[in-house]
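Undergrad: After the sequence you'll find the predicted model.
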Amino acid sequence: MRELFLVRHAKSSWDDPTLSDFDRPLNQRGKSDAPMMGEYLAKLGIKFDLIVSSPAKRAKKTAKILAQSLGYDTSKIEYIDSIYEASPQTLLYIICQLPKEAKRVMLVGHNPSLTMLANMLDDVAIDNIPTTGVVGITFDVNSWSEACKTKGHMVMFEYPKKLKGLV
């Protein structure tokens, strides 16, 4: 069994028009939503073998906040350059290359590619993964190279507005 959790970065700030898209930080809502989602995942007892993330500032910060909430060593987060501005096919290729020993993986990235990827990997249609949204997909296979060639089963689709007041 393989479990993949796709996470869209938390809400980012557009306050400084001189910053490149890559360098945009989280805004206040992002800074509060990310810990809430991390706390929610922690309450479910979810532990990750591997967290991979886009190196964009807002994705890195989201990955670090979630990792801290989950007791995952932030120095072990793998930043993969090609996740930033990736097509769904590029993300799928990254998933195919994940190490066999990592059975539960979180991938932190960007829309619209994450939403398109989620729709490619399972049989449930998602219109949009909101910021800090988490889509969990399980695959009844023994390796990631098998997982990226088959449909999985969505076991979770949670996001901050849906969880407000429950955490």
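TA: It's in.

Undergrad: low pLDDT regions in this protein?
TA: With pLDDT under 70 as the threshold, the chain has low-confidence stretches at 165-167.

Undergrad: let's see it at 80
TA: Along the chain, the model assigns pLDDT under 80 to residues 123, 164-167.

Undergrad: which residues in it form helices?
TA: The residue ranges that make up the helices of the chain, judged by DSSP state H, are 28-43, 57-69, 88-96, 113-121, 144-147, 160-163.

Undergrad: The fifth one: how far from the chain's middle?
TA: Yep, that's helix 144-147 we're talking about. Per C-alpha atoms, centre = their mean, to the nearest Å, the displacement of helix 144-147 from the mean C-alpha position of its chain is 18 Å.

Undergrad: I'd like to know how many residues surround residue 146.
TA: For residue 146, the number of neighbouring residues by other C-beta atoms under 10 Å comes to 13. In short, each C-beta sits where N, CA and C put it, glycine included.

Undergrad: OK, contacts around it?
TA: Shown in contact with residue 146 (C-beta atoms under 8 Å, 6 or more residues apart in numbering): 2, 139.
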